[in-house]
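> Kindly generate the corresponding structure for this input.
(chains A and B)
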Amino acid sequence: MDWTPRTTPRPSAVFDEFSLSEIRRAAATGIYDIRGGGAKRKVPHFDDLLFLGASVSRYPLEGYREKCATDVWLGTRFAEKPIHIKIPITIAGMSFGSLSAQAKEALGRGASQVGTSTTTGDGGMTEEERHHSTLLVYQLLPSRYGMNPDDLRRADAIEIVVGQGAKPGGGGMLLGQKISDRVAEMRTLPKDIDQRSACRHPDWTGPDDLEIKIEELREITDWQKPIYVKVGASRPFYDTALAVKAGADVIVLDGMQGGTAATQEVFIEHVGLPILGAIRPAVQALQDLGMHRKVQLIVSGGIRNGADVAKALALGADAVSIGTAALVALGDNDPAFEEEYRKLGTTAGCYDDWHEGRDPAGITTQDPELAARLDPALAGRRLANYLSVLTLEAQTIARACGKSHLRNLEPEDLVALTVEAAAMAKVPLAGTDWIPGT
Amino acid sequence: MPEIDLGTTPLRELNAALHRLSPDTNESHWIVDHPEGRHAIAAGLAVPITVEINGPVGYYCAGMNKLATVLIHGSAGVGVAENMMSGFVHVTGDASQSAGATGRGGLLRIDGNASSRCGISMKGIDIVVKGSVGHMSAFMAQAGNLVVFGDAGEALGDSIYEARLFVRGKVKGLGADCIEKEMRDEHKQALHNVLERAGFDGQIDPDEFKRYGSARKLYNFKVDNAGAY
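Prediction:
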């Protein structure tokens, strides 16, 4: 027998299939990869936490009979008109431009049906979203595209965007393919150019200036509107403390799993913190300042189900915000479009070239034919259903933990499955009383 | 003519009173004394009134101004007339950084110098500075006219889009994608119009200015231009 046994071909754990393909792509094009969405790498997340539920020492609530409230007031610190959402789940800022007008309308319809808010984005406020959103948060971004005092006053709250989880320290990007006539007009830009939003605000720098900027916005709106400050998760303790000092009513903290319309892959995957590692430092800052529950904390980045919602609240957040999951609920990455995803070189569930504007689901596009595929009423209904399920799931868990309101969930209800998650969430490793670092 | 003393009247009270005015109000001329550098004075005005402020103001005076005329007899802090929509803001002294930032319309006149980032991200506002402007002025400027009688600092018009920059003095340096452009008759006429609106009709010769604007080479990303970013 002259056959020599050979070892099985062994793929490299370091130079894995994706890394190799990226090297080839970079070598062929000479430009970094741009995509939408948030971090896809595996990071410690809510899946690494478990609820303990009730036991001899904890008294549960009856699942189908006893009340478990879900509402949240936002902006109670300074605003004369704080907003009241019926569920602790809001829709994150996503621009008209990155999304079609139909998608924005659908987000407004879905959120309004269940009594929660939507948020504008880096492109100004459209009539569609104002009309269909009972509660609309108006973002003030470095680009100030479309910013005007009339929209500021007809918003229900104002969100100053310092950063976002997918790219803390990065600005916006909307490539020429998506700059339609309407988008160009709203942004005062020529059509078809690559639009790169600034990463810093043009008229303030640092926390002392931010305080004055907030004062100006309050003066312009006669102190009526809640003012949020949104930061990407990077230095959550200090960012939260400084935003509170600057006078924010609400802090929005976005982890690296939070999506973007378009950013460099290397930025999305390598800058910022997973949300699990950011919540407790932010809550600690609020507690140190005596402002926990007085300044509300909204967290986002990778929220998928009611368990994620419940875990975020248990760690001290007042509410969560969803973006990617909301788009999926509308119909993004639906296997029904598999054939078209294949033509785009991808597959349902993986499509993230949102910046190219060729979304078969008609959501991340400005192509009129593609956008017309999305029925705002039907898509809005799907989103409302999904938000209802998230809420019901979170209530199910809260009742099992004996809580009559979702806000009463607490770290003591949680344990961690991994040392990393235990350290980040500051809850004990399951089966022990050990919290790393304490 | 209402006269408000900010030494005794809270700012919030002044701004709320100005916001309550209807477009056809008879109280169309307001005097504000002792501003003493307070921030956000006369921010968010939305009716065609005149507000005269006797003294220096802090940040964001006349921020997001719409239709109103705001006369500042003194110097202005950061972001005077930021995001102005329309109307006229006149600073008789100097202006700090980010004057007229992101302004979408109207006219801002500064009789002294303006610091860095004057006209940053401007979106249609016209800005006339009798003195000089600091570095990074007209950064990412999208639309409108920036007219500078004196000099401009480093990186003028960096990453500029379609705004027009007219400088009579020296330019220390141009930013990425900003170039000197031919001053054709249409540009002289546009400059003349801005000067006329700013109250300099016939006093300044448009021929003394050079025009700067976008080379439009960075409008769409090309790898060969990566070094320019």
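
> A:Met256 is in contact with A:Lys40, correct?
No: judged on CB atoms under 8 Å, A:Lys40 makes no contact with A:Met256 at a distance of 10.2 Å. From N, CA and C alone the C-beta is placed, and that goes for glycine too.

> joint contacts of those two?
Each of A:Ile268 lies in contact with both A:Lys40 and A:Met256 under the rule CB atoms under 8 Å, 6 or more residues apart in numbering or on different chains.

> which of the two has more neighbours?
Neighbours were tallied for A:Lys40 and for A:Met256 using other CB atoms under 10 Å in any protein chain shown; the higher tally belongs to A:Met256 (29 against 14).

> what sits against that one?
For A:Met256, the contact set (CB under 8 Å, 6+ apart) comprises A:38-39, A:43, A:165-166, A:232-233, A:268, A:271-275, A:301.

> Identify the residue spatially nearest to it, adjacent ones excluded.
Using CB to CB, 6 or more residues apart in numbering or on different chains and skipping residues adjacent in sequence, the residue nearest A:Met256 is A:Gly272, 4.0 Å away.

> can you confirm that neighbour is in a strand?
No: with DSSP: H, G, I helix; E, B strand; the rest coil as the criterion, A:Gly272 is located in coil rather than a strand.

> For it, give its distance to chain B.
22 Å (CB to the nearest CB, to the nearest Å).

> quick one: the strands in chain B?
Remark: strands assigned in chain B by DSSP state E are B:3-5, B:29-33, B:50-54, B:69-73, B:88-91, B:107-110, B:123-129, B:143-148, B:164-167, B:178-181, B:210-214.

> mind checking pLDDT for residue 169?
No chain was given, so I picked chain A. We have a pLDDT of 92 for A:Gly169.

> Chain B, not that one
Confidence at B:Gly169, expressed as pLDDT, is 98.

> what's around it, how many residues?
Neighbours of B:Gly169 (other CB under 10 Å): 16.

> quick one: it from chain A, how far?
According to CB to the nearest CB, B:Gly169 and chain A sit 24 Å apart.

> Which residues are in contact with that residue?
B:Gly169 touches B:132, B:148-152, counting by CB under 8 Å, 6+ apart.

> could you redo the last one with a cut-off of 7 Å?
B:132, B:148, B:150-151 (CB atoms under 7 Å, 6 or more residues apart in numbering or on different chains).

> Over to A:Ala285?
Per CB under 7 Å, 6+ apart, neighbours of A:Ala285: A:237, A:240-241.

> redo that, cut-off 10 Å
If you count contacts by CB atoms under 10 Å, 6 or more residues apart in numbering or on different chains, A:Ala285 has them with A:236-245, A:251, A:291-292, A:295, A:297.

> Could you point out the longest helix of chain B?
Longest helix in chain B by number of residues (criterion: DSSP state H): helix B:185-197.

> Any buried residues in that one, and which?
In terms of neighbour count (16 or more other CB atoms under 10 Å in any protein chain shown), helix B:185-197 has its buried residues at B:187-188, B:190-192, B:194-195.

> Please list which of those residues also come close to chain A.
Among the buried residues of helix B:185-197, not one lies near chain A by CB under 10 Å from any CB of the partner chain.

> Count the residues that sit near the residue of chain B found nearest chain A.
Using CB to the nearest CB, the single residue of chain B nearest to chain A is B:Gly44, 3.2 Å away. By other CB under 10 Å, 25 other residues sit near B:Gly44.
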